[in-house]
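**Student:** only the shape, not the letters, is given here:
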């Protein structure tokens, strides 16, 4: 893992789940509240990891064309339904299932995010570039105070990352060349696809994504990035923002 | 022109040119600066009106399928090229033409807009729903401090208003029913198409859009709206925001 020369970009797009927000802690938080209200005993850390583990296979069914376009809200719900019996949650009613599914709209940012984005926004256009659907990302931003210039989502391009249409679509609607667009992510696989599409890349590892001791599920190996930063404050430092 | 019963909506989308921003004054402002720097004498008010008058016919070529998808930046540039000789501006070089064309990214909001949007944003999701392209709307919002939750544009739906795909596309990505979405515009024709698609409507007349004494180019006649407000502050009052 190495970094190349300084980058000159006009806009930054950010992966969201894991990079901007801590999905695991929110699922555990809201799950525990739900279990307490219902007198249930659930291993919410294992539940969160199982829910997230269903995410890539669910999107792959869309990418492959096996099913038509399906939002992440809907995919999350389908995965949730499949997990409820295994985790002793089959008694949840429709209202509770819907509320639990919407926890993905209520994720909290990592501690450096809001201040770092505010700095970056002064100098660059900043946008999401997430597989999350638009309404999910808008709800999250309103609740958490994420100061995006706009919300870009796979939903707007009809393709899920890492399909190149997503990265090139973002460059097109932001009216920048791919090489003028910096993809920021905690996942090297996302950055590899962005680089393949001609974008510049910033790797911000989030070692707590899978909890204390969870490690990096998507490790960089010998992959090269244009920038590597410990958090969004350090990224702003490197980009002169 | 009448108003119906109170509306219960979850999100608001806004027409931009004329409704949120005063396009005419900015063109006159930047045009005069350009003319002064080049020793040119131009009737910038007439120029602004002519540029705007080319807008609907240019979009109609896209709507009709006569040409493929073309952004407003590109359509503005094509109209601009056609106007330059008539207004004694044929001597402008490429850099000057491009800078003048981008005046549409530098439009100022009407005086009530920023404070009104800030109030509305606390209670509702607020987004653009403009024929302007995404990068134009993002540049405008950054410069003017327009606090959109996200930028929605005809560009994202591959159709120009008043095609119904634009209104229904906005409801779909915001995950609200059409009847839960309020279209805010200074142009009754836009609102008529929104209502036809099932949206609720708020009419905010902007009598200065065509300058002092310019009048309303798109008058309401006997059309009905869900809300009528003198400005965005009055709209926030009516919506309890």
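**Tutor:** Thanks, I have the structure now. Here the structure is a predicted model, which means the values were calculated and not measured.
**Student:** gap between the two ends of stretch A:228-241?
**Tutor:** With CA to CA, to the nearest Å as the measure, stretch A:228-241 spans 16 Å from end to end.
**Student:** next one: that stretch to chain centre, how far?
**Tutor:** Between the centre of stretch A:228-241 and the centre of its chain there are 19 Å (CA atoms, centre = their mean, to the nearest Å).
**Student:** repeat for stretch A:52-62
**Tutor:** Stretch A:52-62 sits 14 Å away from the centroid of its parent chain (CA atoms, centre = their mean).
**Student:** with stretch A:101-120 instead?
**Tutor:** Distance of stretch A:101-120 from its chain centroid, counting by CA atoms, centre = their mean, is 10 Å.
**Student:** avg pLDDT for it?
**Tutor:** Stretch A:101-120 shows a mean pLDDT of 98.
**Student:** buried residues in it, which are they?
**Tutor:** A:101, A:103-110, A:112-113, A:116-120 (16 or more other CB atoms under 10 Å in any protein chain shown). Every residue, glycine included, has its C-beta placed from N, CA and C.
**Student:** chain B: which of those is nearest?
**Tutor:** Nearest to chain B, judged by CB to the nearest CB, of the buried residues of stretch A:101-120 is residue A:105 at 9.9 Å.
**Student:** can you give me the neighbour number for the residue nearest to that closest one when sequence neighbours are not counted?
**Tutor:** Using CB to CB, 6 or more residues apart in numbering or on different chains and skipping the chain neighbours, the partner closest in space to residue A:105 is residue A:139 (3.9 Å). Residues near residue A:139, counting by other CB atoms under 10 Å in any protein chain shown, number 21.
**Student:** residue A:139 should be in a helix, yeah?
**Tutor:** Yes - assessed with DSSP: H, G, I helix; E, B strand; the rest coil, residue A:139 lies in a helix.
**Student:** what's the farthest-apart pair in the buried residues of stretch A:101-120?
**Tutor:** The span of these, defined through CB to CB, is set by A:101 and A:119 at 33.4 Å.
**Student:** tell me where the longest helix sits in chain A.
**Tutor:** Using DSSP state H to define each element, chain A has its longest helix at helix A:23-38.
**Student:** list the helices and strands that one packs on?
**Tutor:** Judged by 3 or more CB pairs under 8 Å, 6 or more residues apart in numbering or on different chains; DSSP states H and E, helix A:23-38 is in contact with helix A:44-53, helix A:94-101.
**Student:** mind giving me the packing neighbours of the shortest one?
**Tutor:** Applying 3+ CB pairs under 8 Å, 6+ apart, one finds that helix A:94-101 contacts helix A:23-38, helix A:72-83.
**Student:** check which residues of the shortest one are buried.
**Tutor:** Residues A:72, A:73, A:75, A:76, A:77, A:79, A:80 are the ones in helix A:72-83 that count as buried (16+ other CB under 10 Å).
**Student:** can you check stretch A:29-37 too?
**Tutor:** A:29, A:30, A:31, A:34, A:35.
**Student:** from the chain's centroid, how far away is it?
**Tutor:** Counting by CA atoms, centre = their mean, stretch A:29-37 is centred 23 Å from the centre of its parent chain.
**Student:** can you list the residues that contact it?
**Tutor:** A:40, A:41, A:42, A:44, A:47, A:48, A:92, A:96, A:99, A:100, A:103, A:106 (CB atoms under 8 Å, 6 or more residues apart in numbering or on different chains).
**Student:** okay, residue A:6: pLDDT?
**Tutor:** Residue A:6 carries a pLDDT value of 63.
**Student:** just the one 5 residues further on next, same as before
**Tutor:** As predicted, residue A:11 sits at a pLDDT of 98.
**Student:** give the contact list for the closest residue to it other than its chain neighbours.
**Tutor:** Spatially, and ignoring its direct neighbours in sequence, residue A:11 is nearest to residue A:125 (4.0 Å; CB to CB, 6+ apart). Going by CB under 8 Å, 6+ apart, residue A:125 touches A:10, A:11, A:12, A:149, A:150, A:174, B:138, B:142.
**Student:** repeat the analysis, applying 6 Å as the threshold.
**Tutor:** Counting by CB atoms under 6 Å, 6 or more residues apart in numbering or on different chains, residue A:125 makes contact with A:11, A:149, B:138.
**Student:** of those residues, just say which sits nearest to residue A:164.
**Tutor:** residue A:11 (17.5 Å).
**Student:** next up, the contacts around that closest one.
**Tutor:** A:124, A:125, A:174, A:176, A:181.
**Student:** who are the contact partners of the most far-flung residue of chain A relative to its centre?
**Tutor:** Centroid-distance maximum for chain A: residue A:39 at 31.6 Å, with CA atoms, centre = their mean. Counting by CB under 6 Å, 6+ apart, residue A:39 makes contact with nothing.
**Student:** roughly how far apart are it and chain B?
**Tutor:** Separation of residue A:39 from chain B (CB to the nearest CB, to the nearest Å) stands at 32 Å.
**Student:** residue A:9: how many residues sit nearby?
**Tutor:** So residue A:9, with other CB under 10 Å, has 20 neighbours.
**Student:** that one is in contact with residue A:182, isn't it?
**Tutor:** Yes - contact criterion CB atoms under 6 Å: residue A:9 and residue A:182 qualify, at 4.3 Å.
**Student:** next, show the common contact partners of these two.
**Tutor:** In contact with both residue A:9 and residue A:182: residue A:200, using CB under 6 Å, 6+ apart.
**Student:** what parts of chain A come near chain B?
**Tutor:** Contact residues (CB under 6 Å from any CB of the partner chain) of chain A with chain B: A:125, A:134, A:135, A:138, A:149, A:150, A:151, A:156, A:173, A:174, A:175.
**Student:** could you confirm the third one falls within a helix?
**Tutor:** So that's residue A:135. Yes - under three-state DSSP, residue A:135 sits within a helix.
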